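[1] My questions concern the predicted model and sequence given below.
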Amino acid sequence: MNNLDHIVIAAATLQQGVNYVRSTLGIEVPKGGMHQTMGTHNHLIQLGNDAYLEIIAISPNTEAPARPRWFALDCARMRASIEQQPRLITWVMNTTDIKQLVESSSFEIGAPTAFSRDNLKWVIALPDDGRLLANGMLPYCIQWHSNPHPSQAMADPGCLLQALTIYHNRPRWITERLDAMEAGHLVDVEAIPDSEAPYLSATIDTPGGTVSLT
């Protein structure tokens, strides 16, 4: 069974991302850790139901990795965008058999790549060029080799992810690919006019009320 693992907010710096979440959700997001292999670091909070929110940024204190960073963080367009303001860029799906998922997928979702940090171990499917899948509308896929789910050890500010919605000009195209990944049950898909750019929206219950991150 596949589950929604986490949503990803990219920022030019972690402090910029923390400030953005404080202003939008009214909560503080504590420090997570470093991804030495990718040259990134993060802050994390749980969102209920084994889901969490990640703020991620390029670490200024590590050397650039030998390969492109994940989540399109090396893309000039992405860097210019998040320099203006942090934003919700994509989401991640948790699967129990990432190798089978990659092999059975009708399109390229990336190569299973192993990572570890402290007592956490996971495998995530990464495109060779570090791109987002369908500009972030389709999820990266992860398999945790840690139990319980790592979100259980994260700070709990009393937030709950109620829904994740994809707004897209080609909803059928997105739905077909979500179904091929066995991810269609995890998100809602809404049609928008061709004049609008596709985007994600996360509806989150917070101590101060319901907020939408887009």
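    Looks like it arrived, so ask away.

[2] Would you map the helices across the chain?
    Ranges of helices in the chain, per DSSP state H, are 14-25, 76-84, 98-104, 171-180.

[3] out of the ones you listed, which comes closest to residue 118?
    helix 14-25 (18.2 Å; CB to CB). Where C-beta positions appear, they are placed from N, C-alpha and C, glycine not excepted.

[4] Reformat the helices of the chain as a markdown table; add mean neighbour count and distance to residue 151.
    Formatted as a markdown table, the helices of the chain follow (neighbours: other CB atoms under 10 Å; distance: least, CB to CB, whole Å):
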| stretch | mean neighbour count | distance to residue 151 |
| --- | --- | --- |
| helix 14-25 | 17 | 16 |
| helix 76-84 | 13 | 24 |
| helix 98-104 | 15 | 18 |
| helix 171-180 | 16 | 22 |
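
[5] Any chance of JSON lines for those helices, columns distance to residue 34 and mean pLDDT?
    Below are the helices of the chain laid out as JSON lines (distance: least, CB to CB, whole Å; pLDDT from 0 to 100):
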{"stretch": "helix 14-25", "distance to residue 34": "11", "mean pLDDT": "98"}
{"stretch": "helix 76-84", "distance to residue 34": "19", "mean pLDDT": "97"}
{"stretch": "helix 98-104", "distance to residue 34": "23", "mean pLDDT": "94"}
{"stretch": "helix 171-180", "distance to residue 34": "32", "mean pLDDT": "96"}
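
[6] just so I know, which of these lies nearest residue 146?
    Smallest distance to residue 146 across the helices of the chain (CB to CB): 14.1 Å, for helix 98-104.

[7] Only C-alpha atoms, please: export the closest one in PDB.
    Below are the C-alpha coordinates for helix 98-104, written out as PDB (Å, rounded to 0.1, in the frame of the first residue of the first chain):
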ATOM      1  CA  ILE A  98      10.300   0.800  -4.600                       C
ATOM      2  CA  LYS A  99      12.200  -1.600  -6.900                       C
ATOM      3  CA  GLN A 100       8.900  -3.200  -8.100                       C
ATOM      4  CA  LEU A 101       7.300   0.300  -8.500                       C
ATOM      5  CA  VAL A 102      10.200   1.600 -10.600                       C
ATOM      6  CA  GLU A 103      10.200  -1.600 -12.800                       C
ATOM      7  CA  SER A 104       6.500  -1.600 -13.300                       C
END
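
[8] helices and strands around that helix, which ones?
    strand 111-117, strand 120-126, strand 140-144 (3 or more CB pairs under 8 Å, 6 or more residues apart in numbering; DSSP states H and E).

[9] got JSON lines for the ones you listed, with mean pLDDT, mean neighbour count and distance to residue 79 too?
    JSON lines is the format used below for these (pLDDT from 0 to 100; neighbours: other CB atoms under 10 Å; distance: least, CB to CB, whole Å):
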{"stretch": "strand 111-117", "mean pLDDT": "95", "mean neighbour count": "14", "distance to residue 79": "22"}
{"stretch": "strand 120-126", "mean pLDDT": "97", "mean neighbour count": "18", "distance to residue 79": "19"}
{"stretch": "strand 140-144", "mean pLDDT": "98", "mean neighbour count": "21", "distance to residue 79": "19"}
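
[10] Good, we can wrap up now.
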